[in-house]
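Trainee: Fold the following.
(3 chains)
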Amino acid sequence: MKNTSKKGAWIGLLCIAALLAAVVVLENVLDPNKNIMVFTALKKGAVYALVAVSMNLLNGFTGLFSLGQAGFMLLGAYTYAILTIPTSQRDAVYYIYNGSAINFSLPELFGGGAVGLVLGVLLALILGGCVAAVVAWLIGLPVLRLKSDYLAIATLGFGEIIRAVFQWDKLGPVTNGANALKNFPTFTSFNIQNANGETVLRLSTFVAFLLAGVCIAVIVLLINSTYGRAFKAIRDDEVAAEAMGINLSRHKRLAFVISSFFAGFGGGMFAMFANQAQAKTFTTAMTYEILLIVVIGGIGSVSGSCIAAFLYVAASEWWLRFLDAETFIGGVKVPLLRNGFRMVVFSVVIMIVVLFFRRGIMGDKELPDLLKKRRKEGAVK
Amino acid sequence: MSENVLKVENVTMQFGGVVAVDNLNLEVNQGEIVALIGPNGAGKTTAFNVITGVYQPTNGAVWFQGEKIVENHPQGKMKQQYKGEHAGDYTQVLAPTPDKVTRLGMARTFQNIRLWKSQTVFDNVLIAKHCRTTSNVFSAAFRLNRKEEAQQRENVLELLETVGLADVKDELATSLPYGKQRRLEIARALAAEPKLLLLDEPAAGMNPQETEELTAFIGEIRDRFHMTVFLIEHHMNLVMNISERIYVLDFGKLIAQGDPAAIQNDKRVIEAYLGVSEDA
Amino acid sequence: MQYAISILLSGVSLGGQYALIAIGYTMVYGILRLINFAHGDVFMVAGLMMVYLTASLPLAVSIPLVLILTVLLGFVIERAAYKPLREAPRMSVMISAIGVSYLLQNLATYITGGLPQMYPEIPGISATVSIAGVSTKWVTIVTPVLVLVLVAALTQLINHTKVGMAMRAVAKDFETAQLMGIKINAVISVTFIIGSFLAAVGSVLYFTNYQSIVPLSGSLPGLRAFVAAVFGGIGSIPGAVVGAFIIGLSESIIKGSNWSIFSDAFTFALLIIILVVKPTGLFGEKVTDKV
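Mentor: Residues are numbered from 1 along each chain as shown, chains lettered A, B, ... in the order given. Now for the predicted structure:
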């Protein structure tokens, strides 16, 4: 039993390594400028996969229905941006407020160059997660006592409050008010260039996958640990969990803080993906998007959330794009196709999933479980 | 010092104007099997909930292994409403949450089975070990607690073998037949490493044969784990067969206590169960 | 002084409009224990229907038509998106509600092309009037009066008709009501019909005041109305009305100060404080959980 699980872990690691290698190859073989959609979908998919898994940790594994994800992403995105904008760019970014109140940049503190970039970005992302986690810790105590839908609406409101605070004029020198923060290192900054400024090795998508992959792996490890089991016990039956010695408030808060940490980390990555951080992006609609990914993937399935994140992003950013374009076939205009139709089709699909495939793609199973089952069935035949 | 594991002292539980438990006093000694019986609505489960920290009593105290763990006195509006005795005897407020009580060394089962539905038999028992984990969330997530985890898994396996559930350990808890679910709930409680096992109507909904098996099972557990058992039960067969002492509650009040033989012949107990006849 | 009066007036009228939406939230929550996230969007769709209908029909026809169509929309949403999930966990129904809200918003974006639509002028209530030197629209004065009339009628309906009695029974205990032979689905439909009707009336009043409609116009008023319902004690109709007036007034006051960016944040802060301090709101009944 022990051996099989160890073997499984090795196979899993190998698969992930193979996936990462494939991403590197793909990005360097396909021309990103001609296949913008593919790489946009891959990068955004990776970011959303992480955020969806972090939400699943709370909604699917601990049974706490929280809708504050966008708020925590905002905290991470701003922390990341504020800490990494190069000092030389600060005046240009904060021109409305006559410069920034914070005048250092982590990549530069680490000596700049490739090492500075890697360490600075990593530290800024982690700090982004920490800020989100600290805020979650603070609001967790009062809010987590609330029952299911009240918790949802309170966390939703909390996200709105954060958004308003970050757009506040008085904080302008730090947050740049309602304006976007930009010019910080993004995924593309990780592409390796030669002396002539030509890109020799593209690593932008790889970096997105690596960061998201490591975070998701940590979440999976947590879910399969004794604490993860306690979370599931709380989800299944709170009263029984408490009677079996599980401190409810402590464990709920723990799940909330950890989930928020990764949402914050993912928020920083979202800023890297979008090349900017602006409060108005992190709306309730974004939380809903992530929630729908979790639902489509299956509440309580990590691999489901990952698959759904890529499907969702690819469908909305890439495959269904044609629905938004007016198309003529043989001189006849195809009816209905025009701007906005894609989202209509998309929301209909989501309603169908919600109503008729309530368990989502994976239910509460994981990919390895399904493969194992398949193999067993094959053996019987 | 004191031999008793559990001591309930002048506990009164009043909901608004209704006194559910009225000045209850009882003791459970090391290694005993003690039953609390009484007609429906007598306040047995309420008493259980007070002992395990689910409810805070209106007045009184609970001692566990010579240490006072629960204490309360009427406060606020209750000061005027309070109908019980010993109102001035208690001044402290001690209100541990149920999980704290469990970690102190009491574990319970539920009247209507409350297993974790999506978990296997093995995991149900393993999760109960969580409260004995010493590793923090980081060492657990990064597998720095391998030794402890392996130890716990081994213990759980042993426990499942002892209670005869080892063969179904990978099945979903809810797929088990009723009698085995009851057994699993008891195994789960044992996994929390209690000194005192509290069973809330363990034979509820069981047929005579299952009840008989359960009776034997509870006895075995006591002997094997040197456990002290305090149980609530309706099945008189079970109670009379295994209990060393019995407390009888009626309308929240203790009306009798003693060994099974004495209880069976106690006039007030018979009246409480059968009702007072017209001409008595 | 004039400034104070104008803030008071706009606060009261805003409160009235929120009250009409809040009743829909509170009634649905009372019966289904569901936060109907799509309710704000039904309100927005009612506004858009008015825009498109008045383009080709006279007002006397389009206003009743809008009311009927909105009621129909509410009814259809309940039957299509909530009824199939009656036995499902509460989270599923809530997600379905979020899905409906998403669908309505995207449909609205598609139809309007994302451009703000101008709400038609409605003679009588769009005209300006001057009170104590403050000029305002008639709708400001009509709103609170209309709200009181509608709430009085609704209270009569709930307290003195058979349907009302059934609604109270279902709100009190869903399962028992079902066992007693109450047609649950009919009662729920009636609840959605009343809620949507009031939201449609609210949209006429609200958009006469604010005039431009975008697909997201429903979500914030919807959330504010929901906060009002929680504030008053969810499940209680008078509570929702009182809560709505308080929310409307405070929003109007904050928008008039230089803290206007925090008007929504304030609403939500208020919500969180109420939920934490007194989750049953001002008039809500205490619910006890059985262990």
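Trainee: who's in contact with the nearest residue in space to A:V207 that is not next to it in sequence?
Mentor: Spatial nearest neighbour of A:V207, chain neighbours left out: A:F190 (4.6 Å); criterion: Cβ to Cβ, 6 or more residues apart in numbering or on different chains. Where you see a C-beta, it was placed from the backbone N, CA and C, and this is true even at glycine. Each residue near A:F190 by Cβ atoms under 8 Å, 6 or more residues apart in numbering or on different chains is listed here: A:117, A:203-204, A:206-207.
Trainee: so which pair among those residues is furthest apart in space?
Mentor: Across the contacts of A:F190, no pair lies farther apart than A:L117 and A:F206, at 14.5 Å, counting by Cβ to Cβ.
Trainee: out of the two, which sits in the busier spot?
Mentor: A:F206 (25 against 19; other Cβ atoms under 10 Å in any protein chain shown).
Trainee: so which strand or helix has residue 273?
Mentor: Using chain A here. Assigned by DSSP states H and E, A:F273 belongs to helix A:248-274.
Trainee: nope, chain C
Mentor: helix C:263-277.
Trainee: So which bits of that helix are buried?
Mentor: C:263-272, C:274-276 (16 or more other Cβ atoms under 10 Å in any protein chain shown).
Trainee: how far away is the residue in the stretch 51-200 of chain C that chain B sits nearest to from chain A?
Mentor: Residue of the stretch 51-200 of chain C nearest chain B, by Cβ to the nearest Cβ: C:P89 (12.1 Å). To chain A, C:P89 is 9 Å away according to Cβ to the nearest Cβ, to the nearest Å.
Trainee: Check that residue and give its pLDDT.
Mentor: C:P89 carries a pLDDT score of 81 in this model.
Trainee: Give me the contact list for stretch B:11-25.
Mentor: Contacts for stretch B:11-25 (Cβ under 8 Å, 6+ apart): B:8-10, B:43, B:46-47, B:50, B:55, B:57-62, B:78, B:81-86, B:249, B:251-254.
Trainee: So which of these belong to strands?
Mentor: B:8-10, B:59-62, B:249, B:253-254 (DSSP state E).
Trainee: would a markdown table of those residues with pLDDT, distance to chain A and neighbour count be doable?
Mentor: Output for those, formatted as a markdown table (pLDDT from 0 to 100; distance: Cβ to the nearest Cβ, whole Å; neighbours: other Cβ atoms under 10 Å in any protein chain shown):
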| residue | pLDDT | distance to chain A | neighbour count |
| --- | --- | --- | --- |
| B:V8 | 94 | 18 | 25 |
| B:E9 | 92 | 23 | 20 |
| B:N10 | 93 | 25 | 17 |
| B:N59 | 92 | 24 | 24 |
| B:G60 | 93 | 21 | 25 |
| B:A61 | 94 | 21 | 21 |
| B:V62 | 95 | 16 | 26 |
| B:L249 | 91 | 22 | 25 |
| B:K253 | 91 | 27 | 16 |
| B:L254 | 91 | 25 | 21 |
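Trainee: what is the mean pLDDT for stretch B:173-181?
Mentor: For stretch B:173-181, the per-residue pLDDT averages 90.
Trainee: sorry, back to before: want to throw the buried residues of helix C:263-277 into TSV with pLDDT?
Mentor: Putting the buried residues of helix C:263-277 into TSV (pLDDT from 0 to 100) gives the following:
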residue	pLDDT
C:S263	83
C:D264	83
C:A265	87
C:F266	88
C:T267	87
C:F268	87
C:A269	88
C:L270	86
C:L271	86
C:I272	86
C:I274	85
C:L275	83
C:V276	83
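Trainee: What is the most widely separated pair among those residues?
Mentor: C:S263 and C:V276 (20.9 Å).
Trainee: Residue 211 - nearest residue in space that isn't next to it in sequence?
Mentor: Because you didn't say which chain, this covers chain A. Distance criterion Cβ to Cβ, 6+ apart; nearest residue to A:L211, sequence neighbours excluded, is A:M269 at 6.0 Å.
Trainee: if you could check chain C rather than the one you did, that'd help
Mentor: Nearest non-adjacent residue to C:Q211 (Cβ to Cβ, 6+ apart): C:Y119, at 4.8 Å.
Trainee: residues near that neighbour, how many?
Mentor: Count around C:Y119 with other Cβ under 10 Å applied: 23.
Trainee: can you tell me the residue of the stretch 251-381 of chain A closest to chain B?
Mentor: Nearest residue of the stretch 251-381 of chain A to chain B: A:L254, at 6.2 Å (Cβ to the nearest Cβ).
Trainee: Pull the contacting residues for the closest residue to that residue other than its chain neighbours.
Mentor: Of all residues not flanking A:L254 in the chain, B:V137 sits nearest, at 6.2 Å (Cβ to Cβ, 6+ apart). Residues near B:V137 by Cβ under 8 Å, 6+ apart: A:222, A:225, A:227, A:254, A:258.
Trainee: same check, this time on B:A262
Mentor: Going by Cβ under 8 Å, 6+ apart, B:A262 touches B:A256.
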